[in-house]
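>>> fold the following and give me the result.
(one chain, ligands or ions: 1)
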Amino acid sequence: MRLDGKVAIVTGAASGIGRAMAHRFAAEGARVVIADVDQARSESAAAEIAAITRGHVLGLAMDVTDEDSVESGVARTIAEYGGVDILCSNAGNQIIGGIHELAYSDWKKVLAVHLDGSFLTTRACLRHMYPSGKGGCIIYTGSVHSKLASVLKAPYVTAKHGILGLCRAVAKEGAPHGVRAHVICPGFVRTPLVEKQIPEQAKILNMTAQDVVEKVMLKDTVDKQFTSTDEIAETAVFLAEQTTLALTGQSIMLSHGWFME
Ligand code: NAD
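Residues are numbered from 1 along each chain as shown. This next block holds a predicted model:
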């Protein structure tokens with residue numbers, strides 16, 4: 001098993017991409033913490049994944065925008081599993097609308113989850129990873145919107161670009177401690193976050209839902225396919241299992257060719 005003996009925290013893992021990463025990590029032998037806002041959803045996802053993989057999976061409530069909640073969640077992980085080797089900073093939200101119409105509170109809500117959440121969880125894990133002497137790997141869920149902009153998504157685009165900066169800073173500062181950092185940048189993935197956006201965009205753009213999928217979301221892919229949660233989880237395992245600093249500070253595009261570097 002590729003992650004035997006490792007401990008991983010995955011934020012936002014009660015759903016979608018995070019859940020798939022947590023599942024795959026557990027299947028590869030890692031002990032996994034599902035850290036999501038709601039205790040019951042985290043516990044239920046953990047129980048289901050543990051039952052299927054026969055792995056060790058703990059579900060806990062963590063609001064990544066709340067310093068105390070992050071600190072206590074990471075402390076609980078270390079108390080339960082003895083350390084933390086992998087952090088997937090994945091929790092996310094989305095509020096769409098034109099910049100001229102956006103409420104300041106909505107702008108802040110998006111930046112808080114993606115940027116404050118990434119900082120707080122990274123800091124809490126680095127404080128353990130540095131003295132452990134074992135290094136570690138921090139994987140951020142960025143987006144194609146870490147590299148390009150779309151209309152109606154200014155807070156999200158801003159936050160996802162910001163995550164690239166944090167990742168590169170962590171790669172530089174973490175290197176002497178054996179800590180690597182990467183950003184996985186998916187194209188559209190059919191999770192609840194995206195299902196919610198389809199009718200919202202259809203209304204604003206005056207299109208059918210089908211047109212939003214074909215003419216907006218998948219327009220520039222090479223095969224008109226959504227990125228799958230399995231494709232992302234496989235990439236996360238690959239990044240987490242590396243043992244040298246050869247691969248660090250990278251952003252990996254999983255967008256079915258939508259964005260090519
Ligand atoms: P999702 O809605 O299925 O899951 C997001 C999870 O984050 C939810 O379980 C939610 O409860 C949790 N969350 C939200 N705020 C939180 C907080 N303050 N603290 C802890 N958890 C919180 O969405 P998803 O599509 O799986 O999104 C996961 C990540 O992938 C996000 O960062 C998102 O921006 C990114 N992403 C998604 C897509 C896509 O097309 N779905 C594409 C690129 C990037």
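
>>> give me the sheet partners of the longest strand along the chain and which way each runs.
When the chain is parsed with DSSP state E, its longest strand is strand 179-186. In the sheet, strand 179-186 lines up against strand 136-141 (parallel), strand 250-254 (parallel) (DSSP bridges).

>>> and the shortest one, what's buried?
Right, the one you point to is strand 250-254. 251-254 (16 or more other Cβ atoms under 10 Å). No exception for glycine: its C-beta is placed from N, CA and C like everyone else's.

>>> kindly reformat the residues you listed as a markdown table containing pLDDT.
Listed next are the buried residues of strand 250-254 as a markdown table, based on pLDDT from 0 to 100:
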| residue | pLDDT |
| --- | --- |
| Ser251 | 98 |
| Ile252 | 98 |
| Met253 | 98 |
| Leu254 | 98 |
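
>>> which among the residues you listed gets closest to Ala30?
Ile252 (19.5 Å; Cβ to Cβ).

>>> excluding sequence neighbours, find me the nearest residue to the closest one.
Ile184 (5.4 Å; Cβ to Cβ, 6 or more residues apart in numbering).

>>> what sits against the one you found?
139-142, 232, 235-236, 239, 251-252, 254 (Cβ atoms under 8 Å, 6 or more residues apart in numbering).

>>> what average pLDDT does the longest strand of the chain get?
Strand 179-186 comes out with an average pLDDT of 98.

>>> buried residues in the next helix or strand after that strand?
Once the chain leaves strand 179-186, the next helix or strand it forms, by DSSP states H and E, is helix 192-205. Neighbour-count burial for helix 192-205 flags 193-194, 197-198, 201-202 (criterion: 16+ other Cβ under 10 Å).

>>> dump helix 192-205 to PDB, restricted to CA.
Output in PDB follows, covering the C-alpha atoms of helix 192-205 (Å, rounded to 0.1, in the frame of the first residue of the first chain):
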ATOM      1  CA  PRO A 192     -22.400  19.500  -5.100                       C
ATOM      2  CA  LEU A 193     -20.400  22.800  -5.500                       C
ATOM      3  CA  VAL A 194     -20.800  22.600  -9.200                       C
ATOM      4  CA  GLU A 195     -24.300  21.200  -9.300                       C
ATOM      5  CA  LYS A 196     -25.400  24.300  -7.400                       C
ATOM      6  CA  GLN A 197     -23.700  26.600  -9.900                       C
ATOM      7  CA  ILE A 198     -25.300  25.200 -13.100                       C
ATOM      8  CA  PRO A 199     -28.800  26.700 -12.500                       C
ATOM      9  CA  GLU A 200     -27.300  29.800 -11.000                       C
ATOM     10  CA  GLN A 201     -25.200  30.500 -14.000                       C
ATOM     11  CA  ALA A 202     -28.100  29.500 -16.400                       C
ATOM     12  CA  LYS A 203     -30.200  32.200 -14.800                       C
ATOM     13  CA  ILE A 204     -27.600  34.900 -14.900                       C
ATOM     14  CA  LEU A 205     -26.400  34.100 -18.400                       C
END
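
>>> hang on, the earlier thing: tell me what the residue nearest to Ile252 is bridged to.
Thr141, Ile252.

>>> turn the contacts of Ile184 into TSV, including distance to the ligand.
Listed next are those as TSV, based on distance: Cβ to the nearest ligand atom, whole Å:
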residue	distance to the ligand
Ile139	11
Tyr140	8
Thr141	4
Gly142	7
Ile232	8
Thr235	13
Ala236	11
Leu239	15
Ser251	12
Ile252	12
Leu254	9
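
>>> nearest to Gln225, of the residues you listed?
For these, the residue nearest Gln225 by Cβ to Cβ is Leu254; the value is 11.1 Å.

>>> how about the helices in the stretch 101-250 of the chain?
Secondary structure of the stretch 101-250 of the chain (DSSP state H, counting those that start in this stretch): helices at 104-111, 117-132, 154-174, 192-205, 209-211, 229-241.

>>> among these, which gets the worst mean confidence?
helix 192-205 (a mean of 92).

>>> can you tell me the average pLDDT over stretch 47-58?
Stretch 47-58 comes out at a mean pLDDT of 98.
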